[in-house]
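J.: A structural model of the following input is requested.
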Amino acid sequence: MRAAVLGAGAWGTTFAQVLFDAGTPVTLWCRRPELAASINTDHESPAYLPGVRLPTALRATADVAEALAGADLVVLAVPAQTLRQNLTAWLGPLPPGALLVSLMKGIELGTGKRMSQVIADITGSGPDRIAVISGPNLAPEIAARQYCATVVACADEAVAGQLQKACHTGYFRPYTNPDVVGCELGGAVKNVISLAVGIAVGMGLGHNTRAMLITRGLAEIARLGAALGADQHTFAGLAGMGDLVASCSSPLARNRAFGEKLGRGIPLATVLASTTQTVEGVKSSESVLQLARQHGVEMPITDVIDKVMHHGLEIGEAVLLLASRSAKPERYGI
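T.: Model prediction:
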């Protein structure tokens, strides 16, 4: 099996290394030719993975047709809101019959579609040709070959097994799961909850507050998952609780780091202007909330984060909104 990874941000580059280490021939596509040259010549990605030495034989290119030539496995690692536009442009050189794998964690604005649904829309691929990788996968740690695990989700278990083998290394352990819906929802919504936890950290709030946001955030993910037909067991696993804990606990997590700046009182416009990598939760808060309303699902943390990101709600008011909610049974709406 030969792979192409389209998107050379931190996670796309790291996953290309994982595939390489697993013995899967891989080519990494970079939007910028100078980044491809840096990876090929200096074996590093200074903008996205500073200080990480990449495999000397890992090849990168700025030519998407070259990257896709002969690929059996096409890994998509672009910002979620650009997927439809990018994939449409790549249809010509996309090898027919290739397995299409999403590393993206977001919900499309306007349509409310998960990334696998966008892939199906553009390519006409069936569920046996679309897979999702999701879990507690902080790119800098994996690039340093620290031990971690992830979930490989595909409706076809045999296909999931092939992908599992293609990316299984001594430090990267993939588990299979047929629940694509649950894995995608866990990955998308945890970004929003991570923003909330980051705000709390930035404000100096303690571990009780963080634990509350993480667990009530998980409840929001599970409620939306139930409405969309996900397997509830998924949310107790790596693509649910695992990803949520990593994203809410680690300073390496982009969404938490973004939220921390807001919690420290830095204006939203200033934080946005200084952010060089995609923070999926900022835009996904809007699309996740839209999806929740379409299905009659209450998601109060997501609602407040959407108001902060898109409707001018001040951080102090946001905290008051969450703190003043009426008491309810712990389990409701599922």
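
J.: can you count the residues close to residue 88?
T.: 12 (other Cβ atoms under 10 Å). In short, each C-beta sits where N, CA and C put it, glycine included.

J.: Name the SS class of the residue nearest to it when sequence neighbours are not counted, please.
T.: In this structure, residue 88 finds its nearest non-sequential neighbour in residue 122, 5.6 Å apart by Cβ to Cβ, 6 or more residues apart in numbering. Using DSSP: H, G, I helix; E, B strand; the rest coil, the structure places residue 122 in helix.

J.: tally of neighbours for residue 298?
T.: Around residue 298 sit 15 other residues, with neighbours defined as other Cβ under 10 Å.

J.: my read: it touches residue 223, true?
T.: Yes: between residue 298 and residue 223 a contact is recorded at 7.0 Å, counting by Cβ atoms under 8 Å.

J.: Pull the contacting residues for the nearest residue to residue 202 once chain neighbours are set aside.
T.: Among residues not flanking residue 202 along the chain, residue 263 sits closest, at 2.2 Å (Cβ to Cβ, 6+ apart). With Cβ atoms under 8 Å, 6 or more residues apart in numbering as the criterion, the residues that contact residue 263 are 198-204, 315.

J.: Angles on the backbone of the closest residue to residue 33 other than its chain neighbours, please.
T.: Using Cβ to Cβ, 6+ apart and skipping residues adjacent in sequence, the residue nearest residue 33 is residue 62, 4.0 Å away. The phi and psi torsions at residue 62 (degrees, to the nearest 10) take the values phi -100, psi 10.

J.: what ranges do the strands span in the stretch 1-150 of the chain?
T.: 3-6, 26-29, 59-61, 73-76, 99-102, 130-134, 148-153 (DSSP state E, counting those that start in this stretch).

J.: picking up where we left off before, among the contacts of residue 263, who's most crowded?
T.: residue 198 (29 neighbours).

J.: Spatially nearest residue to it, not counting backbone neighbours?
T.: Of all residues not flanking residue 198 in the chain, residue 259 sits nearest, at 2.3 Å (Cβ to Cβ, 6+ apart).

J.: before we move on, what about residue 295?
T.: Using Cβ to Cβ, 6+ apart and skipping residues adjacent in sequence, the residue nearest residue 295 is residue 227, 4.1 Å away.

J.: now residue 258
T.: residue 279 (4.7 Å).

J.: Roughly how far does the one you found sit from residue 43?
T.: 27 Å (Cβ to Cβ, to the nearest Å).

J.: and if you look at residue 143?
T.: Distance from residue 143 to residue 43, by Cβ to Cβ: 12 Å.

J.: just checking, the residue nearest to residue 33 touches residue 29?
T.: Yes: counting by Cβ under 8 Å, residue 29 is a contact partner of residue 62 at 7.3 Å.

J.: So those two - more neighbours on which side?
T.: Between residue 62 and residue 29, residue 29 has the larger neighbour count (other Cβ under 10 Å), namely 26 against 16.

J.: Tell me the confidence at residue 277?
T.: Residue 277 carries a pLDDT value of 85.

J.: For the residue most central in space within the chain, what are phi and psi?
T.: Among the residues of the chain, the one closest to the centroid is residue 105, at 2.8 Å (Cα atoms, centre = their mean). Dihedral pair for residue 105: phi -130, psi 90, per degrees, to the nearest 10.

J.: Leaving out the residues flanking it, which one is nearest to it?
T.: Nearest one to residue 105, counting by Cβ to Cβ, 6+ apart, is residue 187 at 3.6 Å.

J.: surely that neighbour meets residue 103?
T.: No: using Cβ under 8 Å as the test, residue 187 is too far from residue 103 to be in contact (9.3 Å).

J.: More neighbours: these two, which one.
T.: residue 187 (33 against 23).

J.: check contacts around that one.
T.: Each residue near residue 187 by Cβ under 8 Å, 6+ apart is listed here: 105, 132, 134, 239, 243.

J.: Identify the bridge partners of the nearest residue to residue 175 once chain neighbours are set aside.
T.: With Cβ to Cβ, 6+ apart as the criterion, residue 175 has its nearest non-adjacent residue at 5.4 Å, and that residue is residue 151. Counting by DSSP bridges, residue 151 is bridged to residue 134, residue 175.

J.: ok, so what distance separates the residue nearest to residue 80 when sequence neighbours are not counted from residue 83?
T.: Leaving aside its sequence neighbours, residue 80 sits nearest to residue 106 (Cβ to Cβ, 6+ apart; 2.7 Å). Computed as Cβ to Cβ, the residue 106 to residue 83 distance reads 8 Å.

J.: Residues that sit against both of the two, list them.
T.: With Cβ under 8 Å, 6+ apart, residue 106 and residue 83 have common neighbours residue 115.

J.: gap between residue 169 and residue 230?
T.: With Cβ to Cβ as the criterion, residue 169 and residue 230 are 28 Å apart.

J.: ok, these two, which is more surrounded?
T.: residue 230 (22 against 17).

J.: Was I right to think the more buried one contacts residue 177?
T.: No: between residue 230 and residue 177 there is no contact under Cβ under 8 Å: 10.6 Å.

J.: Overlap in contacts, these two.
T.: In contact with both residue 230 and residue 177: no residue, using Cβ under 8 Å, 6+ apart.
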